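Asks: Have a look; sequence and predicted model below, questions after that.
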Amino acid sequence: MSTTTAKPQRSPEEIEDIILRKIFLVTLTDSMLNDTRVVYLEMTAAEILSEGGDLKLSRDLMERVLVDRLSGNFTSAEPPFQYLIGIYRRASDESKKISNMKDKLVRAQMELVVNQAKKLSVSYCRIHLGNPDMFPDSDRNKSNVSPLLPLVFAEVSSSIDAFNSGSSSSVASCPGFLEELFRDSDYDSMEPILKQLYEDLRGIVLNCSALGNFQQPLRALMYLISFPVGARALVNHPWWIPKGAYLNGRVIEMTSILGPFFHVSALPDQSIFKGQPDVGQQCFAESSRQRPADLLSSFSTIKTVMNNLYAGLADVLRTLLKNTSTRENVLQYIEEVINKNASRAHIQVDPISSASSGMFVNLSAVMLRLCEPFLDANSTKKDKIDPKYVFYGSRLDFKELTALHASSEEVTGWLNKNNPSSGDNRLIHSQEATSSGQRESTNYSFICECFFMTARVLNLGLLKAFSDFKHLVQDISRCEDNLATLKTMQEQTPLPRLAQDIARLEKEIESFTQEKLCYEAQILRDGELLQQALSFYQLMVVWLADRIGGYKMPLPQPCPMEFACMPEHFVEDVMELLIFASRIPRALDGVKLDDFMNFIIMFMASPEYIRNPYLRAKMVEVLNCWMPRRSGSLSVTSTLFEGHQLSVQYLVRNLLKLYVDIEFTGSHTQFYDKFNIRHNIAELLEYLWQVPVHQNAWKQIAKEEEKGVYLNFLNFLINDSIFLLDESLNKILELKELEAEMSNTVEWEQRPAQERQERTRVFHSQENIIRIDMKLAMEDVSMLAFTTEQITAPFLLPEMVERVASMLNYFLLQLVGPQRKSLSLKDPEKYEFRPKQLLKQIVNIYVHLARGDHENIFPSAITKDGRSYNDQLFTEAANVLRRIGEDPRIIQAFDDLGKKAKAAASEAMDAEAILGDIPDEFLDPIQYTLMKDPVILPSSRIIVDRPVIQRHLLSDATDPFNRSHLTPDMLIPDTELKQKIEEFVRSQQRKQHGEDVIMQNSSKSSIQSPDGTRPLID
């Protein structure tokens, strides 16, 4: 047993020889040794002897011996790399033994020897790795991976590693070696070594999923860039940002050094790029049969590993960003990833040319972590975000994005006006700067750069993933509906083709469900990720509001161009996130929603600030999600609606205004789109009506805007009610025809399978349409019922009263008229059809308006409707109400109104008879009724009755005869014609009165006593 403790008889030279022989495993004397690793350097010994030297190893011979050992071909000797590592390891072991030496002088000398040996091993290791051909190496062709890699893995190994690569498990760590290798080295010698290491790490994670071996390579990457030389080598690697004519988003993801790390994900990807193991298959196969505990375990595992990935990648970027010499490279990399993936914003994304959703969700999470230092609750760093970055920054191209209000021409014009050198030529300057490898010198802070880059990444990443998830859920629902239809048909008539279609659909649903659960695991279940995104967008709305002076109303006019030119997706992404998060339990816990509420109330009814009506409609959807009766946290959201200053002042007003604005969206689908949007508004209005402070505001608006926005609101509410009820009642008749077809089983089964499948599909489609239309119609009628109890004046205006009466008469005819039995359904509740409730509401509206009718104009308006009015309908409706138990007072009031209407109808007939043939010039050209208040249309010069044209203008602000713009204030009273009409009416009345007198006299003279002396009735 050998010992390094100096024996009295050994000189320092002998001790040095012994230590160096142990470290270098060489000998200069041909002695029989048991250790086969020890090499006899015969040639070196001969040369030393010829030079008159002593055959003892010493500091002076150390490097010469090392070179000879590495250069020679010795059987059974270790390959160069392992040998050099061994030197360092053995030197470290000897160093520990030397520390026990009692002779301080000898100990100091030996420590110098050992340290020199370490330095030599590191230095020659660097030479060997940089120039592998310099020394003979039997291991050279066995692997393409850097021999340093197992050492790096051993250095960063963790006890929690779930997956270890085979090479790292067999390699012992070598404390201090790597530190010395990377710390004290020049860049040129280390660059090729690090280049190989980075390529190896990239290769290992290239096809990794969230369940693959990515954590150790990620820690290795972090370890390497902790050295300045490592950081510099990474950003200077040719694959840091790959170059080439065919460079696109997917190429960057798969070929850049960081790309494969960002690609690691649980989210689905194109099959040729999908990481392994397959997360969907491994965690969520046949999920419907799995125990809830197993699913929760899978969710937890994926969330944990993905957060490890986010943290690791954020540390990598943070380390590089802190270093001023590598910061610009990081920003360039993120810039390139964003710009080359701009097409990810499209509805359809090409998976071959665009990076995966996984990469962009990961990048979203990492960018949010980089933003954390400036996402404080009070947005104290918002002033460091310079809006000029959007307009004049050369890194990202915002110019191609849709702006909040300004057109692309307006944006360009404004930029030219404010900065002529940067306006139209901004893009050209940017391209020139990039192509020449130079950068515009900018003074934008990192906070500013990080904020706007994060906004773009979230738009292309996290928010796009929300959209993909929503479409996935819709696909599953569609497939399940089709499957139910096919199974019904298969039960009726089994066919091989149907069985195949059923099997195909079941396989599709299984695949979609796996994908859905992967999204749920990585995104929906990650409360921290959603909270960070909400913090970011809270800063976004505060910052955007600051562009116009902060949260205050009314908004300044006109809209400042700095706000108008901001990208629309800044606001759209806020709303999409709020909608998404609001539907996830507890996702909004602890989130301060006041800033979002302020923003929504300010802009939801401001088309002069946010042009896109669908974006403003999304704001209503957010509020709809927050309605107290919907959400679990009553106290939080009820305060937003009931105790929020802007909410109390403006919410009802702006909802009514948006209800009107949404009639004309400019889209080819605007007619159908408006119903869903108005459904959300109606639900909110119904809730707000029950809040006293909002009900008071509503009444005030109805009074102030009696002939303005409130009248428009009522008009569209009535239009929608009529259309929706009419549409759903007609669809009920069609549905009953289909039911009759299908119930005739003999004839039905004789039809071809394809025809039956199509008819069944139509049947289910009709069911859905009826359900939706009927629900919306019931909602609209309900709103008319509860508002007319308090607000009647606008309904009784000349331009509105006949419209309201016609609607009510039409509904009454459908519900109690002769055709009502044809509308009976087996299960009306299934279709949201509640005829009894609907009749009660219709009758209540009649009664409410009759109570508010102080001038007694409503009964005559009811009778003017020649299409639906019939006095028998009132009698029949009253009978039905008695049977279903309506309040007797309501029935009595309704009966009274029916009698008044009947009397008014009789009076109207008498009046019509009195007028006789009316001259054409006195008739309204639209309705062919006698005009009472004739007005001239300024453009077409046609004369019409004021109430008739005003009713038209409520729905369409154009002249009906030439489509030119027209508003009520543009109408020109025709006083001369009005006088003529009034004179005509008076003359006809006088004429009739005269005829009546003559008739009376005539009858008196003809009824006399038998003797002819006096009349019988005086």
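Replies: Everything's here; your move.
Asks: CA atoms for contacts and neighbours, from now on please.
Replies: OK.
Asks: Run through the strands of the stretch 901-1018 of the chain in chain order.
Replies: Secondary structure of the stretch 901-1018 of the chain by DSSP state E, counting those that start in this stretch: the strands cover 934-936, 943-945, 972-973.
Asks: Tell me the buried residues in stretch 805-823?
Replies: Of the residues in stretch 805-823, those buried under the neighbour-count criterion (16 or more other CA atoms under 10 Å) are 805-817, 823.
Asks: How about residue 206: what's its closest non-neighbour residue?
Replies: residue 260 (4.9 Å; CA to CA, 6 or more residues apart in numbering).
Asks: count of neighbours near that neighbour?
Replies: Around residue 260 there are 25 other residues, counting by other CA atoms under 10 Å.
Asks: was I right about it contacting residue 201?
Replies: No: with contact defined as CA atoms under 8 Å, residue 260 does not count as touching residue 201 (9.4 Å).
Asks: Could you list the low-pLDDT ranges of the stretch 1-150 of the chain?
Replies: Under the criterion of pLDDT under 70, the regions of the stretch 1-150 of the chain flagged as low confidence span 1-9, 31-33, 138-142.
Asks: mind redoing it with 80?
Replies: Along the stretch 1-150 of the chain, the parts satisfying pLDDT under 80 run over 1-9, 30-36, 75-77, 133, 136-144.
Asks: same deal with the stretch 301-450 of the chain?
Replies: Along the stretch 301-450 of the chain, segments meeting pLDDT under 80 span 418-443.
Asks: still on that earlier bit, can you classify the residue nearest to residue 206 as helix, strand or coil?
Replies: helix (DSSP: H, G, I helix; E, B strand; the rest coil).
Asks: With residue 236 as the reference, measure out to it.
Replies: To residue 236, residue 260 is 18 Å away according to CA to CA, to the nearest Å.
Asks: CSV for the buried residues of stretch 805-823, including secondary structure, pLDDT and distance to residue 30?
Replies: Rendered in CSV, the data for the buried residues of stretch 805-823 read as follows (DSSP: H, G, I helix; E, B strand; the rest coil; pLDDT from 0 to 100; distance: CA to CA, whole Å):
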residue, secondary structure, pLDDT, distance to residue 30
805, helix, 91, 121
806, helix, 89, 120
807, helix, 89, 117
808, helix, 92, 118
809, helix, 90, 121
810, helix, 88, 118
811, helix, 89, 116
812, helix, 90, 119
813, helix, 89, 120
814, helix, 87, 117
815, helix, 87, 117
816, helix, 88, 120
817, coil, 85, 122
823, helix, 74, 113
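Asks: Show me the one of the strands of the stretch 901-1018 of the chain that comes nearest residue 294.
Replies: Smallest distance to residue 294 across these (CA to CA): 73.1 Å, for strand 943-945.
Asks: Pull the number of nearby residues for residue 855.
Replies: In terms of burial, residue 855 registers 8 neighbours under the definition other CA under 10 Å.
Asks: hang on, the earlier thing: want to throw the strands of the stretch 901-1018 of the chain into CSV with distance to residue 898 and mean pLDDT?
Replies: As requested, those are exported to CSV (distance: least, CA to CA, whole Å; pLDDT from 0 to 100):
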stretch, distance to residue 898, mean pLDDT
strand 934-936, 31, 87
strand 943-945, 28, 86
strand 972-973, 35, 86
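Asks: Pick the most deeply packed of those.
Replies: Mean neighbour count, computed with mean count of other CA atoms under 10 Å, is highest for strand 943-945 among the strands of the stretch 901-1018 of the chain, reaching a mean of 26.
Asks: Run through the stretch 501-650 of the chain and note the low-pLDDT ranges.
Replies: 629-637, 643.
Asks: any idea whether the closest residue in space to residue 594 that isn't next to it in sequence is helix, strand or coil?
Replies: Excluding the flanking residues, the one nearest residue 594 by CA to CA, 6+ apart is residue 640, at 6.9 Å. At residue 640 the chain is in helix, as set by three-state DSSP.
Asks: number of nearby residues for residue 640?
Replies: For residue 640, the neighbour count with other CA under 10 Å is 21.
Asks: same question, residue 528
Replies: For residue 528, the tally of surrounding residues (other CA under 10 Å) stands at 13.
Asks: gap between it and residue 298?
Replies: When CA to CA is the yardstick, residue 528 and residue 298 sit 18 Å from each other.
Asks: And for residue 279?
Replies: 9 Å.
Asks: Same check on residue 307?
Replies: 14 Å.
Asks: hmm, who's touching stretch 710-724?
Replies: Under the criterion CA atoms under 8 Å, 6 or more residues apart in numbering, residues 656-657, 659-660, 663, 675, 701-702, 705, 773-774, 776-778, 780-781, 794-795, 800, 804, 807, 954-955 lie in contact with stretch 710-724.
Asks: now, which of those residues lie within helices?
Replies: Mapping the contacts of stretch 710-724 onto helices (DSSP state H) picks out 656-657, 659-660, 675, 701-702, 773-774, 776-778, 780-781, 800, 804, 807, 954-955.
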